[in-house]
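Enquirer: Take a look and give me a structure for this.
(one chain, ligands or ions: 1)
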Amino acid sequence: GSRPEKIKALLDDIEQSFELDEEALKTITGQFLADFNLGLSEYGQAMAMIPTFVTGVPNGTETGTFLALDLGGTNLRVCQVDLFGDQTFNLKQQKYKVSEQLKTGEATVLFDYLADSVDAFLTSSAGSPTNPHTPGELGQDPPALPLGLTFSFPVEQTALDQGYLLTWTKGFAAKNAVGKDVVKLLQDAFDRKHLHVKCVALVNDTVGALLSRAYTSGGCILGAIFGTGTNGAYVEQVANITKLGNHPIVAKGGEMIVNTEWGGFNNSRTALPTTPFDNKLDRESINPHYQAFEKFISGMYLGEITRNILLSLIDAAPIPILFKGKASDQLNKHYGLDTEMLSLIETAWMSEDAPADTAAAHAPLVPSDAAAPVAHVEKIDDSLLLDFSKPLVAAALTPLTLHRLQRIRTVLVSQLGYAAEDVTLRDAAVVRWACSLVVRRAARLSSCAVATVAHQMGFVAGLGSDAKPVGDTDVKIGVDGSLIQHYPRFEARMRESLRILVGANVEQRIEIGLAKDGSGVGAALSALQATKQG
Ligand code: ADP
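Expert: Sure thing, here's the model as predicted:
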């Protein structure tokens, strides 16, 4: 075939490999549901379904002042949270960097650093004004400050204040921590430093998101993170968590929040259609074959999958498809393409802003563009398909489309280290196509996880006799993470496939809201629950 045909075939193949049709989505959700139930019945499963021992969901009337420590995101955070009991709160926080050395060195050094950060916070202005850490009168020892720890790694929890690290994720690999009780590791560090602080509760960021969203909106069924990593926690019937056996908590019945650790879905690598770009990422990751679902979904990885696609197009033989066969230094770097950049590219594409000077927009394409087939880029929805079989001539591009491509080119030049003359407008279109493929798949797979929770909790009629009529009530979901907050149309793409999986009726009732300061407020709420449980 001709050159454009070959290019089209290659791009079609890539696009096909990222496609998830309705049947695939349903099959994946079915597998997800089966894994949920396996994880609820047995310990040690890839879908860990961790009982959190958090048995109550806040309604917004809770009050008190608590410390919170949050490890597992991009930054370490120490917060002081005042809950006012009217669905509002005040939060003071200080962020601290966690160096690569701390992430991969000895665990005691990492936990000493956590303790030092809490100490620094308490002695700084951030911690002091309404700091409950004031000495008791007449030499009486004040009670230790209660602290909730948000620890966003898979932990097998055995009590609200006890949990054993199963494995590190998200680039952490500190030695001598796996298998240990992280509350004890932290408390020992506090004690070594003579800090009058007691870690009373351990939660995951997903649990924090659920609790904080419930506090600010009067209820919540699922807390979900779409940031560096992805995970979700939902409200389960204790009776369904059969692996608890005859744990005393079972007799009390009721509900318990379960941390799914859904990032481990597909660790068996049988459930998701996997591309060579995914395999390359997995092989070069620090945890090959683990967190398989997360590697399709989260901010840490989407840029890298896209980078792998772009490199394969740069290297395409005999004629390169991108950037005249040149890879910039940045694109050559492992994890050199951040998901934030994908976000910038799609924002540049989606903005409706017309060029200020439309005459400028009619400026001719660079000569190599004019000669090459131009992407079919009129559609701004996700179905954008580069149709090289029907080449559009440059003149057929609308000023708006031209302007969008020029904006993307500007991003590529300013952020990826390319010289302007190395980036054609067709390159811009191809890059944006690659970004949307990767993120669309991520959003669709995310909807499988959310749909699984809706099915498991009985919100979807026709599935199981105990399906709850959703009625007019909102099904509230608290979310956190840069991906869902900032990526253009991530939620819209997710909802599109969610509709397929739970029906339009249920999808409409799902209210997705930001769990603002979820980790801090959630940790405070869990500390409150701990003090109540005594
Ligand atoms: P964390 O999950 O670590 O608490 P975030 O929710 O901010 O923190 O997620 C950070 C991840 O989100 C990084 O992997 C980064 O690549 C990605 N990211 C940062 N900004 C954006 C953005 N504007 N759009 C999409 N992803 C982003």
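
Enquirer: Run through the residues that contact residue 420.
Expert: Listed by C-beta atoms under 8 Å, 6 or more residues apart in numbering, the contact set of residue 420 reads 409, 413. Using the backbone N, CA and C atoms, a C-beta is placed for each residue, glycine as well.

Enquirer: Next, count neighbours for residue 280.
Expert: 17 (other C-beta atoms under 10 Å).

Enquirer: quick one, what contacts it?
Expert: residue 308.

Enquirer: Pull out the buried residues from the helix or strand it falls within.
Expert: Using DSSP states H and E, residue 280 sits within helix 276-283. Under the neighbour-count criterion of 16 or more other C-beta atoms under 10 Å, helix 276-283 has 277-278, 280-282 buried.

Enquirer: Could you identify the helix or strand that succeeds the helix or strand of the chain with the lowest mean pLDDT?
Expert: None of the helices or strands of the chain scores lower by mean pLDDT, DSSP states H and E than helix 367-371, at a mean of 34. Next helix or strand after helix 367-371 toward the C-terminus (DSSP H and E): helix 399-416.

Enquirer: Could you list every helix and strand that that following helix packs against?
Expert: When contacts are defined as 3 or more C-beta pairs under 8 Å, 6 or more residues apart in numbering; DSSP states H and E, helix 399-416 packs onto helix 339-350, helix 358-361, helix 425-456.

Enquirer: Quick one: mean pLDDT for stretch 77-93?
Expert: Averaged over stretch 77-93, pLDDT sits at 96.

Enquirer: Pretty sure residue 300 sits against residue 229.
Expert: Yes. If you go by C-beta atoms under 8 Å, residue 300 and residue 229 touch, sitting 6.4 Å apart.

Enquirer: more crowded one of the two?
Expert: Neighbours per residue (other C-beta under 10 Å) separate residue 300 from residue 229, with residue 229 holding more: 26 against 23.

Enquirer: State the distance from the more buried one to residue 451.
Expert: Distance, residue 229 to residue 451, using C-beta to C-beta, to the nearest Å: 20 Å.

Enquirer: Report the beta-bridge partner residues of residue 512.
Expert: Residue 512 has these beta-bridge partners by DSSP bridges: residue 477.

Enquirer: Report pLDDT for it.
Expert: pLDDT, residue 512: 97.

Enquirer: ditto for residue 271
Expert: Residue 271 carries a pLDDT score of 89 in this model.

Enquirer: dump the residue contacts of it.
Expert: 28, 31-32, 265.

Enquirer: OK, contacts around the residue nearest in space to the middle of the chain?
Expert: For the chain, the residue nearest the mean C-alpha position is residue 226 (1.9 Å; C-alpha atoms, centre = their mean). With contact set as C-beta under 8 Å, 6+ apart, residue 226 has these partners: 297-299, 446, 479-481, 483-484, 490.

Enquirer: switch the cut-off to 10 Å
Expert: 232, 297-299, 442-443, 446, 449, 479-485, 487, 490-491, 494 (C-beta atoms under 10 Å, 6 or more residues apart in numbering).

Enquirer: ditto for residue 502
Expert: 29, 447, 450-455, 459-461, 463, 470, 475, 508-510.

Enquirer: repeat that for 6 Å
Expert: 451, 454, 460 (C-beta atoms under 6 Å, 6 or more residues apart in numbering).

Enquirer: My read is that residue 309 contacts residue 277, right?
Expert: Yes. Contact criterion C-beta atoms under 6 Å: residue 309 and residue 277 qualify, at 5.4 Å.

Enquirer: So which bits of the stretch 351-500 of the chain are right by the ligand?
Expert: For the stretch 351-500 of the chain, the residues in contact with the ligand (C-beta under 6 Å from any ligand atom) are 481-483, 486-487.

Enquirer: let's go with 8 Å and repeat that
Expert: For the stretch 351-500 of the chain, the residues in contact with the ligand (C-beta under 8 Å from any ligand atom) are 480-483, 485-487, 490.

Enquirer: Tell me the buried residues within those residues.
Expert: 480-483, 487, 490.

Enquirer: list the contacts for the one residue in the stretch 301-450 of the chain that gets nearest to the ligand?
Expert: Relative to the ligand, the nearest point of the stretch 301-450 of the chain is residue 343 (3.2 Å; C-beta to the nearest ligand atom). Contact analysis of residue 343 by C-beta under 6 Å, 6+ apart lists 486-487.

Enquirer: ranges for the helices of the stretch 201-350 of the chain?
Expert: 205-217, 248-252, 276-283, 294-297, 299-314, 329-332, 339-350 (DSSP state H, counting those that start in this stretch).

Enquirer: do the same with the stretch 51-200 of the chain
Expert: In the stretch 51-200 of the chain, the helices defined using DSSP H, counting those that start in this stretch lie at 100-104, 107-123, 182-192.

Enquirer: Relative to residue 434, which of the ones you listed is closest?
Expert: Ranking the helices of the stretch 51-200 of the chain by proximity to residue 434 (C-beta to C-beta) places helix 100-104 first, at 28.5 Å.

Enquirer: Just the pLDDT for residue 435.
Expert: 94.

Enquirer: Go ahead and confirm it touches residue 344.
Expert: No. In this structure, residue 435 is not within contact of residue 344 by C-beta under 6 Å, at 9.5 Å.

Enquirer: For residue 147, give its distance to residue 473.
Expert: Residue 147 is 35 Å from residue 473, by C-beta to C-beta.

Enquirer: Comparing the two, which shows the higher neighbour count?
Expert: residue 147 (27 against 12).

Enquirer: got a list of what that one touches?
Expert: 67, 197, 199.

Enquirer: Bridged to it, which residues?
Expert: Residue 147 forms beta bridges with residue 67, residue 199, as assigned by DSSP bridges.

Enquirer: How much space separates it from residue 249?
Expert: The spacing between residue 147 and residue 249, counted by C-beta to C-beta, is 23 Å.

Enquirer: now swap in residue 177 and tell me
Expert: On the measure of C-beta to C-beta, residue 177 and residue 249 end up 26 Å apart.

Enquirer: Looking at those two, which one has more neighbours?
Expert: residue 177 (21 against 16).
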